[in-house]
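Undergrad: Provided below for reference: sequence and predicted model.
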Amino acid sequence: TQKSLEDWANSTTSDKRKHLDDIAQKLVEQVNSVHAELYTLGGDTGIDFFDPAGATAGSIKLSQSVLSDLANIAVSENGQRGDGAGALQIDSIRDAKVLNNGTSTIDEMYRSIVSMVGQEGSEIQTKLETQTDVVNMLETQRQSIMGVSLEEEMVSLIQYQNAFEAASKVIQTADEMMQTVINMVR
């Protein structure tokens, strides 16, 4: 049983869907087989509980007979009112080894599916968190490389300020010289 569950765990997503469909199909077959032998409240037998046509994990549904009249649910072994032994027979199907060539139960496979999906979800969440941390680290490094050095910017500002002051003195000196020339000509 453990080996077949491990094989299932290592299967691809499409294989897992097929396994889910196999579980649904086997559940429909087994329940309908037992249900057809049991008696309804009206004393009828031979009624399917599930619709057997194309039963997959995504399309499993009750039979039209049961949907149209809930009294068509068969749970009596002997046809007498109050006999619910058939319900126990139907319940025991989940523990019958009917999957994987008689090595796994429906309940085992269902629990395995839930466990594997949970484990895969946890692994994906861990990978997402790791990748988010890597992206954040790279962004921090990128910012540190691209970042502006305040000391370098301050040196540049002082250089521009000194250049402006020098240019201002040149213009002031030129203005004074022009004023002197104009005053000489008058």
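TA: On my side now, so go ahead.
Undergrad: residues touching Y39, list them.
TA: Contacts for Y39 (Cβ atoms under 8 Å, 6 or more residues apart in numbering) come out as T45, A74, S76, E77, N78, G79, D83, G86. All C-beta atoms are positioned from the backbone trio N, CA, C, and that covers glycine.
Undergrad: Neighbour-wise, which one of those leads?
TA: With neighbours set by other Cβ atoms under 10 Å, the maximum within the contacts of Y39 is found at A74, which has 28 neighbours.
Undergrad: so what's that one closest to, chain neighbours aside?
TA: With sequence-adjacent residues excluded and distances taken as Cβ to Cβ, 6 or more residues apart in numbering, A74 is closest to L38, at 3.6 Å.
Undergrad: I'd guessed that neighbour sits against G86; true?
TA: Yes: L38 is within contact range of G86, at 3.8 Å (criterion: Cβ atoms under 8 Å).
Undergrad: anything in contact with each of those two?
TA: Taking Cβ under 8 Å, 6+ apart as the contact rule, L38 and G86 both touch A74, V75, S76, E77.
Undergrad: which among those gets closest to E123?
TA: Of all the shared contacts of L38 and G86, E123 sits closest to V75, with 42.6 Å by Cβ to Cβ.
Undergrad: And for the closest one, the neighbour number?
TA: With other Cβ under 10 Å as criterion, V75 counts 17.
Undergrad: Next, it: phi, psi?
TA: The phi/psi pair for V75 (degrees, to the nearest 10) reads phi -130, psi 0.
Undergrad: Please, where are all the helices along the chain?
TA: Secondary structure of the chain by DSSP state H: the helices cover 2-9, 13-37, 64-68, 85-92, 106-146, 150-185.
Undergrad: can you give me the mean pLDDT across the last one?
TA: Here helix 150-185 scores 86 as its mean pLDDT.
Undergrad: looking at the helices of the chain, which is buried most?
TA: Burial of the helices of the chain is given as mean neighbour count (mean count of other Cβ atoms under 10 Å); helix 13-37 ranks first at a mean of 16.
Undergrad: Can you get me the centre-to-centre distance for that helix and its chain?
TA: Centroid separation for helix 13-37 versus its chain: 24 Å, with Cα atoms, centre = their mean, to the nearest Å.
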